[in-house]
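# Compute the structure for the input listed below.
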Amino acid sequence: MAGEGSNIQERFPLLDTLLVLVLAAHLLAANLAGAAPLVCIWLDIRETRRGDLVAGELGRYLIRQSILWLTAGLALGGSTLALVWAAQWEPFYETAGRIPAARFWWALPELAFYFYCVAMYLRWWTGSGTSPTWQVVMRRLLGVLAATNLLYHFPLLFTVIGVYSTRLAVDPGMLNFRRAMLDPEVLSQFAHHVLASFAIVGVAIMGFSLRLGRKGRPAGEVQRVATWGGRVALVPTVLQLIVGMLVLLALPERARDGLLGGDQVGTVLFGLSIVAAIVLMHRLASIAAGDVERKNLIGSMALLVLIVVAMVGTRQRARHGKFVSTASRIERAVAAVETTSGDAIARQPHDCDAVPMTAHVRSSYKTKNDVYTTST
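Numbering: from 1, shown residues only. From the prediction side, this is the model:
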């Protein structure tokens with residue numbers, strides 16, 4: 001099976017590229033659904049207190065888009081898992097098998113809860129201004145519950161699986177999920193994901209301003225909405241650069257070195273994402289200050305998509321510069337053990353680094369002397 005996975009990658013070199021594109025589309029859709037209800041609470045308050053009808057119109061639009069894009073995100077997420085299965089990347093599914101089953105069984109109720117909360121939010125947010133106080137409070141509470149439930153459950157689950165699938169599994173037993181959540185690499189990537197969610201919502205707001213412009217709405221309304229979008233997207237984009245450095249520092253040394261020159265593709269993707277993020281910050285700052293020309297808005301939206309694709313590609317290279325070679329490394333380890341008369345063999349650090357535990361191979365290493373030993 002392992003050899004077949006390696007051969008599939010060799011026969012279909014575009015499989016990784018397709019996986020990156022589909023995963024990036026999934027993240028764009030799911031991130032919007034995760035943060036939009038929280039932004040809608042701000043718009044709801046603005047409409048209620050200031051009588052800002054445009055804020056209410058935008059908020060209800062975002063709620064509807066949350067339902068639509070989460071549905072699309074589920075389809076794209078299923079496609080992503082199918083591509084991982086097609087690539088026969090066994091460490092992912094082996095690590096998923098070490099997660100308590102309840103984490104997966106609760107996925108459907110969690111999704112149903114999200115859809116119920118946002119649907120009720122939309123139903124109770126009529127924009128008439130006549131809603132009773134209890135209904136106003138309840139719909140905003142439902143928005144908080146929907147967003148935090150989605151942002152907490154799924155990003156953390158798949159971040160834990162992704163991170164731990166690239167590590168040596170000293171203990172092949174079940175993972176302590178709560179302890180794994182506090183891993184620095186997991187926490188930094190989760191924080192990066194949450195910030196990206198708000199940046200994507202900000203760009204979606206700019207897209208709504210373009211929609212208003214096409215409908216012939218007053219220029220003042222279009223500018224105001226576009227400015228909101230620029231401000232909502234700017235703050236998390238700036239913070240993402242800071243958190244991104246924490247993500248880089250939390251990566252295993254081998255993966256970090258690959259992004260800083262050791263892997264040409266990974267380095268190019270990482271550099272592209274950084275440069276694009278800096279350019280995006282400049283554009284968002286100008287939009288937040290009132291420069292809401294159509295080309296500026298569309299350029300910012302395109303840059304965000306480029307950054308997401310480049311960052312997903314960077315993450316895949318950081319994790320899976322061994323994506324193709326993991327299976328073959330395990331095979332070499334088994335073959336070496338079978339042909340070696342001793343109980344252990346010495347290996348160079350780069351040969352066994354980040355090879356996950358399988359059912360047939362158990363790896364241990366002595367970090368002090370950089371001696372890796374593999375035994376059956």
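
# Let me know the next secondary structure element after the helix or strand harbouring residue 198.
Using DSSP states H and E, residue 198 sits within helix 184-214. Of the helices and strands lying after helix 184-214 in sequence (DSSP H and E), the nearest is helix 219-250.

# Which strands or helices does the helix holding residue 198 pack on?
Using 3 or more C-beta pairs under 8 Å, 6 or more residues apart in numbering; DSSP states H and E, the elements in contact with helix 184-214 are helix 15-50, helix 53-86, helix 133-164, helix 219-250, helix 294-320. To be clear about C-beta, it is placed using only N, CA and C from the backbone, and glycine gets the same treatment.

# mean confidence score for it?
Helix 184-214 carries an average pLDDT of 93.

# Give the buried residues for that helix.
Of all the residues in helix 184-214, those buried under the rule 16 or more other C-beta atoms under 10 Å are 185-210, 212-213.

# ok, now stretch 42-62?
By neighbour count on 16+ other C-beta under 10 Å, the buried set for stretch 42-62 is 43-44, 46-48, 52, 54-62.

# Quick check: the farthest pair among those?
For these, the maximum inter-member distance is 17.0 Å, found between 48 and 61 (C-beta to C-beta).

# pretty sure residue 87 contacts residue 17?
No. Counting by C-beta atoms under 8 Å, residue 87 does not reach residue 17; the two are 11.6 Å apart.

# Flag the shaky bits of the stretch 1-150 of the chain, pLDDT-wise.
Low-confidence segments of the stretch 1-150 of the chain (pLDDT under 70): 1-13, 88.

# one more time with 50
Judged by pLDDT under 50, the stretch 1-150 of the chain has its weakly predicted residues at 1-12.

# and residue 284, what is it in contact with?
202, 230, 233-234, 237, 300 (C-beta atoms under 8 Å, 6 or more residues apart in numbering).

# in which helix or strand would I find it?
Secondary structure assignment for residue 284, by DSSP H and E: helix 264-288.

# now that helix against helix 219-250, angle please.
Put simply, helix 264-288 runs at 150 degrees to helix 219-250, going by axes from the mean of the first three to the mean of the last three C-alpha atoms, to 10 degrees.

# picking up where we left off before, how about CSV for the helices and strands packed on helix 184-214, with distance to residue 276 added?
Output for those, formatted as CSV (distance: least, C-beta to C-beta, whole Å):
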stretch, distance to residue 276
helix 15-50, 13
helix 53-86, 22
helix 133-164, 22
helix 219-250, 11
helix 294-320, 5
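
# Figure out which of the ones you listed is closest to residue 270.
Closest to residue 270 of these is helix 294-320 (C-beta to C-beta; 4.7 Å).

# what is the rounded mean pLDDT of the closest one?
Averaging pLDDT along helix 294-320 gives 89.

# repeat for stretch 159-166
Averaging pLDDT along stretch 159-166 yields 84.

# and residue 40, what is it in contact with?
By C-beta under 8 Å, 6+ apart, residue 40 lies in contact with 59, 62-63, 121, 143.

# Please apply the same query to residue 151.
34-35, 193-194, 197.

# Compute the first-to-last residue distance for stretch 86-102.
Stretch 86-102 has an end-to-end distance of 25 Å (C-alpha to C-alpha, to the nearest Å).

# cool, stretch 96-116 as well?
Terminal residues of stretch 96-116 are spaced 28 Å apart (C-alpha to C-alpha).

# Grab the nearest non-local neighbour of residue 181.
Spatial nearest neighbour of residue 181, chain neighbours left out: residue 156 (5.7 Å); criterion: C-beta to C-beta, 6 or more residues apart in numbering.

# Please work out how many residues are found near the one you found.
Using other C-beta atoms under 10 Å, residue 156 is surrounded by 19 other residues.

# where does it sit relative to residue 261, distance-wise?
31 Å (C-beta to C-beta, to the nearest Å).

# Next: residue 299.
Counting by C-beta to C-beta, the separation of residue 299 from residue 261 is 30 Å.

# Please say which of these two ends up with more neighbours.
Comparing residue 299 with residue 261 by other C-beta under 10 Å, the one with more neighbours is residue 299, at 15 against 10.

# Could you pull up the residues touching that one?
residue 283 are the contacts of residue 299 under C-beta under 8 Å, 6+ apart.

# at 10 Å instead, please
With contacts defined as C-beta atoms under 10 Å, 6 or more residues apart in numbering, residue 299 is in contact with 279-280, 283, 287, 293.

# so which of those residues would you say is closest to residue 250?
residue 280 (23.4 Å).

# ok, and the closest non-adjacent residue to that closest one?
The shortest distance from residue 280 to any non-neighbouring residue, by C-beta to C-beta, 6+ apart, is to residue 303 (4.4 Å).

# Tell me how many other residues crowd that neighbour.
By the criterion of other C-beta under 10 Å, residue 303 has 20 neighbours.

# cool, residue 182 as well?
With neighbours defined by other C-beta under 10 Å, the count for residue 182 comes to 9.

# Cool, thanks, talk later.
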